[in-house]
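In: Could you work out the structure for the sequence below:
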Amino acid sequence: MSLVLIAEDEEAMLEIFAQVVEELGHRTLRAHNGEEALMLARTERPDLVVSDHMMPRRTGVELLRTLRADPRLDDVPFLLLSAAQPKGLEEADAFLSKPVDLDTFEAAVQQVLRSRPAAPPSREEAMTAGDRAGQSNGAGREEMLNWVAHEIKTPLSSARLNTQMLLRKQGERGDADERKCSEAILRQLDRMNSLVTSILDAARLSEGKVALRRESGELAAFLQEVVQEWRELQPQVDFSLVGASQPVALSFDAERVRYILNNLLSNAVKYGGAQRRVEVSLSLTPGLALVQVRDWGVGIPASELRNIFERFHRADGAGGHGHGLGLYIAAALARLHGGSLTAQSELGIGSTFSLRLPLPT
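Out: Just a heads-up that it's a prediction; the model follows:
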């Protein structure tokens with residue numbers, strides 16, 4: 001049994017985090033702000049600190065740095081939670097973005113308790129010269145974005161965790177009707193979270209303030225993984241992968257490229273028509289890796305094609321489920337990698353989206 005200190009200023013979140021940790025078999029200490037957490041840590045040394053970032057009287061990152069400066073507490077593992085992407089998050093042993101998934105939270109607590117990483121992963125801040133020239137104004141806008149993320153995603157996270165706990169109990173009781181209602185609530189919460197995340201990402205991208213975590217990876221294997229996930233998610237759709245038999249070394253942010261591909265594959269499924277067929281291909285051109293996602297669906301009118309990568313643009317007949325930000329964000333992330341995202345389409349024949357990523361020189 002370990003002692004876990006949980007710092008969270010939202011009472012509902014504090015209670016649910018403590019409940020989850022205690023059900024894992026650990027003892028908990030509860031703090032409502034950074035100063036209270038620091039006092040409790042100095043009174044009874046915890047085996048793990050789980051802390052929100054945006055708290056009164058000391059932020060999560062400030063709490064982390066104070067603990068690291070104390071010789072008695074400098075090696076206590078630290079799990080940071082935040083709806084935003086605070087500067088200094090790489091100093092924590094682990095970071096989870098709100099809203100937090102129940103299984104992910106449990107796994108992170110157990111993993112950090114078992115072993116502390118030897119070194120935190122590096123992060124890369126992407127800023128343009130114009131951003132640096134207006135850094136003070138940019139910092140104010142970033143602070144506002146972080147506040148919006150915290151104020152919206154914290155209650156979302158609480159609602160989502162409570163719904164997942166309810167689903168577990170309903171599963172034990174075997175009540176199918178109740179589970180169906182809870183699953184519907186969870187889906188809507190996920191849609192709300194996706195919308196909030198997209199709005200915040202679009203704002204940060206327009207400011208040039210998105211953090212990239214580039215790592216050397218193998219693109220063909222990565223594509224195989226993504227396509228397999230979609231085969232399992234949409235078994236009624238025929239997903240094919242062409243040209244991914246040979247390894248392609250690349251430096252890229254896997255999470256961000258996954259976002260691009262998921263957006264393209266989601267659209268291909270949504271607008272793929274009766275054939276229910278999607279093809280992903282990988283090829284090499286001079287200096288570039290070319291990933292194409294093709295469908296044989298309804299296609300995009302020529303008058304709309306030039307506008308599809310603009311913010312809040314939705315083509316006619318797009319239905320009511322999109323928010324007009326997915327392709328804008330995908331294209332911006334491609335440019336951030338030094339690449340591009342383009343589209344070709346013909347009504348009634350289908351669409352092909354082409355993602356170009358630069359190869360190592």
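
In: Could you check how far the most far-flung residue of the chain relative to its centre is from Leu212?
Out: For the chain, the largest distance from the centre (CA atoms, centre = their mean) belongs to Thr43, which lies 35.5 Å off. Distance of Thr43 to Leu212, computed by CB to CB, to the nearest Å: 40 Å. Every residue, glycine included, has its C-beta placed from N, CA and C.

In: same deal with Gln170?
Out: According to CB to CB, Gln170 and Leu212 sit 40 Å apart.

In: Ile329 too?
Out: 14 Å.

In: same thing with Val49?
Out: 28 Å.

In: With Asn267 instead?
Out: On the measure of CB to CB, Asn267 and Leu212 end up 24 Å apart.

In: what about these two, which has more around it?
Out: When Asn267 and Leu212 are compared for neighbours, Asn267 comes out ahead with 24 against 17, by other CB atoms under 10 Å.

In: and the more buried one, backbone torsions?
Out: Here is the backbone geometry of Asn267 (degrees, to the nearest 10): phi -70, psi -40.

In: my guess is it meets Gly326, correct?
Out: Yes: contact criterion CB atoms under 8 Å: Asn267 and Gly326 qualify, at 7.4 Å.

In: Quick check: Ala12 is in a helix.
Out: Yes: under DSSP: H, G, I helix; E, B strand; the rest coil, Ala12 falls within a helix.

In: To what extent is it buried, counted in neighbours?
Out: 15.

In: for Ala343, same thing?
Out: Around Ala343 there are 18 residues (other CB under 10 Å).

In: For it, give me its contacts.
Out: By CB atoms under 8 Å, 6 or more residues apart in numbering, the residues touching Ala343 are Ile300, Leu305, Ile308, Phe309, Ser351, Thr352, Phe353, Ser354.

In: just checking, the second one touches Ser345?
Out: So the one you mean is Leu305. Yes: using CB under 8 Å, Leu305 is in contact with Ser345, at 5.8 Å.

In: Determine the residues that are contacts of both of the two.
Out: By CB under 8 Å, 6+ apart, no residue touches both Leu305 and Ser345.

In: So between those two, which is more surrounded?
Out: Higher neighbour count among Leu305 and Ser345: Ser345, with 21 against 17, using other CB under 10 Å.

In: For the strand or helix carrying Thr197, the averaged confidence score.
Out: Per DSSP states H and E: Thr197 is located in helix 176-207. Averaging pLDDT along helix 176-207 gives 74.

In: Work out the gap between that helix and the centre of the chain.
Out: Distance, stretch centre to chain centre, for helix 176-207: 12 Å (CA atoms, centre = their mean, to the nearest Å).
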